[in-house]
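S.K.: curious how this folds, go ahead:
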Amino acid sequence: MGPCKYLVIFYGVSAGQNGPNMGADEQDLVMLVYLVLNVEENKIVGVHQFPVRPTGADVNENILSEEVTTEFGISEHDIKSAPPLESVIRQFDSLAQEELGGDLTLVTDGQLHLRQCLYPEVTRKNITLPSYYQRFHDLRKEFQSCVPSPVANTVDAGGGGIEEMLTAFSLPSDSAPDKSLQNVNNMARILQKLVADGRNLHEPEIVQLILEPGIRSRSEQVDTNCVVRARGLPWQASDTDIARFFTGLNVSPGGVALCLSPQGRRNGEALVLFESVAHRDMALRRHKHHIGNRYIEVYKATGEDFINVAGGNNSEAQEFLGRGGQVIIRMRGLPYDCSAKQVIDFFNTGEDACEVLDEDHGVLFVKKPDGRATGDAFVLFKEEGEGEKALQKHKEIIGSRYIELFRSTTAEVQQVLNRSTEPAAKGGVVGGTSAPLIPSLPPVPPMAVIPQQLITAGTRKDCIRLRGLPYEAQVEHILEFLGDHAKNIVYQGVHMVFNAQGQPSGEAFIQMDSEPSSFSAANNRHHRYMVFGKKQRYIEVFQCSGEDMSLVLTGGASALGHHQQQGKAPLLSPGGSMLGPQGTFPYNPLMGGMPHTTSRPPAPGSFSPFPAQLLYWPYPSPPISPNNYFLPPHGHMSSPSSLLTPTSSISSLSNGVTSPLPSGGPQGQGSPQLPQGPPPNTLLTVETVSQVNLSRGVAERPNTETLLRSSVYIH
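M.R.: Predicted structure coming up:
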């Protein structure tokens, strides 16, 4: 029967569903029963039944399901006066150590009591289980090995369970009034029958608590019935966080692959490979279970999906990952000329000093296909403790730049390195960015676009541009920062610039009533500090023209025809990239229905209120800079597009900086072609803000005043 002296039957009762759906509703356990069987003597030496107080029992009156109260006879009073789960586990562990000497192996009726109920709950409550909970015998599998297959298959599928096994062995059922005790006693009879017949139990099943690292290649074959897709994950979730969500189930080595968006950012999805179909099926039952306050969707996926994300063909990544580090940290925001020694010194110094594995060989810089630096790197650490200390250095400084640190995975390293070495995509796509790794996005309802004709134009420098705003800053904070200069803002003259995810970019344009007003505001408020809670940020303020503002908010299309008419080069801020002969501007719903070769700027009121379908990625991802534009393939406006990242930041426009075309006019040598497709996609919304109380003599604004906000969405 194996080396252990005692077999302990473990049985749990959930506050919600029991039976084949046990654990699917994320409910707590309210009863634990342990029956101890002495293997040598083949007799029961003890039965221990513990009611358990679930979370929320003191608040909720009806926490128990009807099944629990009627079939198991558990009352609300029983659980409210019971100890919590941690106390019950400690209580039985004391008994096991004192009376059984710790020489025991658990036996369960199927997998759900431990894998789907106990382990998820102790993980949510940060309870540490004794080691003997990691090994158990599944009575259904033991029964399968010694009875005809049709009956065994019925039992394994949850058909009759204990009753089917009793019938197969011609054993009478126990008559205890308590269903939990009845089931435990019946399991003991079946187990005693196996012992009496001299049948040896198989090796115990193992519950893996640590995600093992593993490297996957593109040519590897993966069982397509063992993969799930988890969707709706927090973007900062690591592979260990996802494995923790699936705790109790055995994930294959290197079996968590975080998916990246075309921009290289985590998109809130992951593919998870389990060691068996049974574990995959249990994972699917965790659909809409929670990580914190977020519910996670779990769907079937294929082995091809998994390999497309986790598989690698980059020898440099394979060599880096083969060094055996337990923790991988991704660095973002590095200076382009940063060296491996600077990275090592960054981690080796300070209060939380930690050692990089294999020194220079433990640092892998990410480069573009042409060999230029991207500002990202991956760093290996030998142990979990070193990785934790490394993450404490998040947003510390190298040179003059603060560095962002994120826990990474082997799959992420391979995805990023694969993309960095793959040639540019075909079909006129600029930037060489591949299509989304998982193209099957959920359907997105059409978004309403409110047409606006309030963006100013012209070369009069009656606007100011604010840069470096806190992401939390609202319109009222900007008005307070400008102080007395705020009274010179025109009606609906505050334009907030948003990035590709619809998040604040840290920039804003302000329309003033005159050039002297904008000049005075720029001179007096430039490099002044904005205090926001405990934060203090200095803000850059530049004087600019309405044309500069329109170029950023609408991508340059509104002013292009006007410059062509006058034979002048269009004024492009460094953020608006100078496109090559095959370049086209993305579609702009504000300019829909207008000819792209117009020789004059659009008349007020000519904007089309009917935009093309917009695509908005519905999951959060790490913030990206607003200088990312999708360029559709040449001649194909409706297909999803790839990414162009200009070499200079969109936020680098300063007063008086222009990027003129070479002499000879717009069609001269080296000049860009006029747009062959629609201009950039800009979504404008109007937000009604509450009454703003201003200090320093600035007048109050009406409660219903609207301020224009510009939100740039990539399509």
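S.K.: count of neighbours near residue 418?
M.R.: Residues contacting residue 418 under the criterion other C-beta atoms under 10 Å number 18. Every residue, glycine included, has its C-beta placed from N, CA and C.
S.K.: could you find the closest non-adjacent residue to it?
M.R.: Setting aside the residues directly before and after it, residue 418 is nearest to residue 314 in space (C-beta to C-beta, 6 or more residues apart in numbering), at 5.6 Å.
S.K.: before we move on, what about residue 177?
M.R.: Excluding the flanking residues, the one nearest residue 177 by C-beta to C-beta, 6+ apart is residue 73, at 7.2 Å.
S.K.: how about residue 24?
M.R.: residue 285 (4.4 Å).
S.K.: state the pLDDT value of that neighbour.
M.R.: Listed pLDDT for residue 285 reads 96.
S.K.: and the gap between it and residue 25?
M.R.: Separation of residue 285 from residue 25 (C-beta to C-beta, to the nearest Å): 9 Å.
S.K.: repeat for residue 466
M.R.: Distance from residue 466 to residue 25, by C-beta to C-beta: 50 Å.
S.K.: give me the buried positions along the longest helix anywhere in the chain.
M.R.: The single longest helix within the chain, with elements called by DSSP state H, is helix 179-196. Neighbour-count burial for helix 179-196, counted by 16 or more other C-beta atoms under 10 Å, picks out 179-195.
S.K.: strand partners (parallel or antiparallel) of whichever helix or strand comes after it?
M.R.: Moving toward the C-terminus from helix 179-196, the next helix or strand (DSSP states H and E) is strand 205-206. Here strand 205-206 is paired, per DSSP bridges, with strand 135-138 (antiparallel).
S.K.: does anything pack onto whichever helix or strand comes after the strand it pairs with? Which helices or strands?
M.R.: Note on strand 135-138: by DSSP H and E, the next helix or strand toward the C-terminus is helix 139-144. In terms of contacts (3 or more C-beta pairs under 8 Å, 6 or more residues apart in numbering; DSSP states H and E), helix 139-144 is packed against helix 149-156, helix 162-168, helix 179-196.
S.K.: save those as CSV, and put in distance to residue 520 too.
M.R.: As requested, these are exported to CSV (distance: least, C-beta to C-beta, whole Å):
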stretch, distance to residue 520
helix 149-156, 80
helix 162-168, 84
helix 179-196, 79
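S.K.: for residue 319, which of those helices is the nearest?
M.R.: With C-beta to C-beta, the closest approach to residue 319 among the helices and strands packed on helix 139-144 belongs to helix 149-156: 44.1 Å.
S.K.: give me the mean pLDDT for that closest one.
M.R.: 48.
S.K.: kindly check the end-to-end length of stretch 212-226 for me.
M.R.: Here the two ends of stretch 212-226 are set 17 Å apart, with distance taken as C-alpha to C-alpha, to the nearest Å.
S.K.: element containing the closest residue to residue 9 other than its chain neighbours, please.
M.R.: Nearest residue to residue 9, sequence neighbours excluded (C-beta to C-beta, 6+ apart): residue 35, at 4.2 Å. According to DSSP H and E, residue 35 maps onto strand 29-38.
S.K.: how about residues contacting the very next helix or strand once past that strand?
M.R.: Sequence-wise, the next helix or strand downstream of strand 29-38 (DSSP H and E) is strand 43-51. Here strand 43-51 makes contact (C-beta atoms under 8 Å, 6 or more residues apart in numbering) with 6, 30-38, 74, 78-79, 81-83, 88, 91-92, 95, 99, 178, 180-181, 184-185, 188, 192.
S.K.: then stretch 337-357?
M.R.: By C-beta under 8 Å, 6+ apart, the residues outside stretch 337-357 that reach it are 323-325, 331, 334, 359-360, 362-363, 365, 373, 377, 379-382, 386-387, 389-390, 392-393, 396, 398-399, 403.
S.K.: endpoint to endpoint, that stretch covers what distance?
M.R.: Counting by C-alpha to C-alpha, you get 22 Å between the two ends of stretch 337-357.
S.K.: lowest average pLDDT across the helices and strands packed on helix 139-144?
M.R.: helix 149-156 - the lowest mean pLDDT of the helices and strands packed on helix 139-144, at a mean of 48.
S.K.: which neighbouring elements make contact with the helix or strand containing residue 480?
M.R.: According to DSSP H and E, residue 480 maps onto helix 475-482. Using 3+ C-beta pairs under 8 Å, 6+ apart, the elements in contact with helix 475-482 are strand 489-498, strand 504-512, helix 515-525, strand 528-532.
S.K.: low-scoring stretches of the chain, by residue?
M.R.: 1-3, 57-61, 148-160, 422-457, 500-501, 553-715 (pLDDT under 70).
S.K.: coming back round to it: could you list the buried residues of the strand holding residue 35?
M.R.: By neighbour count on 16+ other C-beta under 10 Å, the buried set for strand 29-38 is 29-37.
S.K.: before we move on, what about stretch 101-113?
M.R.: Using 16+ other C-beta under 10 Å as the test for burial, stretch 101-113 gives 104-113.
S.K.: now for the residues you listed: which two are most distant?
M.R.: 104 and 112 (20.7 Å).
S.K.: what angle sits between the longest helix of the chain and strand 29-38?
M.R.: Angle between the axes of helix 179-196 and strand 29-38 is 30 degrees (criterion: axes from the mean of the first three to the mean of the last three C-alpha atoms, to 10 degrees).
S.K.: from residue 44, how far out is the residue nearest to residue 9?
M.R.: Counting by C-beta to C-beta, the gap from residue 35 to residue 44 is 6 Å.
S.K.: overlap in contacts of these two?
M.R.: Shared contacts of residue 35 and residue 44, counting by C-beta under 8 Å, 6+ apart, come down to residue 188.
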